[in-house]
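**Q** A predicted structure for the sequence below; I have some questions about it.
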Amino acid sequence: MQILIFHPLAKEEIRTAANYYDDNRRGLGDRFLDAIEHGMIQIQSNPFGWRKFRGEVRCYLVQKFPYGILYITDDAYIFIVAIMHLHRVPDYWIERLVDMPQA
């Protein structure tokens, strides 16, 4: 099974979104985190199972939340590029591709 490597800003996006949801309704942040964790498990189980979003970047749609997990995969790892809100600026994460680990 490939290891997950997160861009540091992707980790921050998870924290920010979870805090936002929790501020709006107690427990909703935990539900968001559970949905993200479920997505990570699904991606690790079948990394090529989701459509290509842009170039080699794939997008897993998070269940019950307007977010996508953007990632690139190869034989050794899965690089989580962004946890993107689907109704906001779509291409803000592209510059993060330069931070991708080298195989």
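**A** Nice, thanks for sending it over. Numbering: from 1, shown residues only.
**Q** Name the helix or strand for Asn19, please.
**A** According to DSSP states H and E, Asn19 maps onto helix 8-24.
**Q** For the residue nearest the centre of the chain, list each beta-bridge partner.
**A** Nearest to the mean C-alpha position of the chain, by Cα atoms, centre = their mean, lies Ile69 at 2.6 Å. Beta-bridge partners of Ile69, counted by DSSP bridges, are Tyr60, Ile83.
**Q** Contact partners for it?
**A** Each residue near Ile69 by Cβ atoms under 8 Å, 6 or more residues apart in numbering is listed here: 36, 39-40, 43, 59-60, 62, 80, 82-84. Every residue, glycine included, has its C-beta placed from N, CA and C.
**Q** What's the local residue count around the closest residue in space to Ile72 that isn't next to it in sequence?
**A** Excluding the flanking residues, the one nearest Ile72 by Cβ to Cβ, 6 or more residues apart in numbering is Phe79, at 4.8 Å. Each residue near Phe79 was counted by other Cβ atoms under 10 Å, and the total is 22.
**Q** Would you agree Phe79 falls within a strand?
**A** Yes. Under DSSP: H, G, I helix; E, B strand; the rest coil, Phe79 sits within a strand.
**Q** how far away is Thr47 from His87?
**A** No Thr there; residue 47 is Pro. Note on Pro47: its distance to His87, by Cβ to Cβ, to the nearest Å, is 26 Å.
**Q** Let me see the backbone angles for Phe65.
**A** Note on Phe65: its backbone torsions stand at phi -140, psi 150 [degrees, to the nearest 10].
**Q** Which residues lie in contact with it in this structure?
**A** Residues in contact with Phe65 (Cβ under 8 Å, 6+ apart) are 17, 21, 32, 35.
**Q** counting contacts, what elements does the helix or strand harbouring the third one pack onto?
**A** When you say that, I think you mean Phe32. Element membership for Phe32 (DSSP H and E) is helix 28-45. On a contact count with 3 or more Cβ pairs under 8 Å, 6 or more residues apart in numbering; DSSP states H and E, helix 28-45 meets strand 3-6, helix 8-24, strand 57-61, strand 67-73, strand 77-85.
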